[in-house]
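1. Based on what follows, work out the 3D shape:
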Amino acid sequence: MIPQILYEDNHVIAVNKAPGLLAQGDRTGNASILDLMKSFIKERDAKPGRVFLGLPHRLDRPAGGVLLLAKTSKALSRLAASFRDGLVSKTYWAAVESPPEPPQGTRIDWLIKDGRINVSRCVEASVAGARQAELNYRLIGKSDRYWLVELSLITGRHHQIRVQLSAMGCPIKGDLKYGAKRSNPSGGIALHARRLELPHPVRQERLILTAPPPEEPVWKGFR
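-> Take a look at the predicted model:
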């Protein structure tokens, strides 16, 4: 199934990735956004050759939301530079099992990644290889069982939001890897890339991309 297209021009295409769907192919051989969109564009535009699409940023498989793809190598290079140089504003929504205390603030931790089991954890700043992780957060909603937190990334570390919310005692719904009580039936987690704002790779303008959350009960319950 083709994901919702949020924006498209000659240089980029942005989609709303579903939780649990790969952004790009891996050793599992499962379908990925990259493969799906290449096939879709090839058929839609009746392209005779190969379709170029590149990913300038990452979005964890269990998470959903805005995913930006480049349609040319020039756009890919420039977008990758914008992400690398901190020119991109990233906003996420997370449905968590406990409310953050205080309800708004800045969180700074030091993280280290264990590539053998694909997890990151909080450690002391003095630990070799530890990298500073910083984000802003605020509580913006509540349902009967969960709390809605909006987060803005200052840094971009491996599993950063998942690790830091867990360290705050606020694991994301469905995120067993970082302390949630139970998994979600979909296999995803309630972490949604809500908004990206960044320079357009070619035009002298800013791109503002916003994705609605999934049509799932957890998101509909917030007030």
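2. pLDDT at the residue positioned nearest the centre of the chain, what is it?
-> A centroid search over the chain (Cα atoms, centre = their mean) returns residue 59, at 3.9 Å, as the residue closest to the centre. For residue 59, the model assigns a pLDDT of 94.
3. got the contact list for it?
-> Counting by Cβ atoms under 8 Å, 6 or more residues apart in numbering, residue 59 touches 17, 23, 65-67, 193. C-beta here means a position set from N, CA and C on the backbone, and glycine is covered the same way.
4. can you do 7 Å?
-> Contacts for residue 59 were tallied using Cβ atoms under 7 Å, 6 or more residues apart in numbering; they are 17, 23, 65, 67, 193.
5. Tell me how far it lies from residue 106.
-> 23 Å (Cβ to Cβ, to the nearest Å).
6. circling back: using pLDDT, spot the least trustworthy of the contacts of residue 59.
-> When the contacts of residue 59 are sorted by pLDDT, the bottom entry is residue 23 at 91.
7. Distance check, that residue against residue 51.
-> Computed as Cβ to Cβ, the residue 23 to residue 51 distance reads 16 Å.
8. Neighbour count: the two, which is higher?
-> Using other Cβ atoms under 10 Å as the criterion, residue 23 and residue 51 rank with residue 23 on top: 19 against 16.
9. Report the buried residues of stretch 216-223.
-> Within stretch 216-223, the residues that count as buried by 16 or more other Cβ atoms under 10 Å are 216, 218-219.
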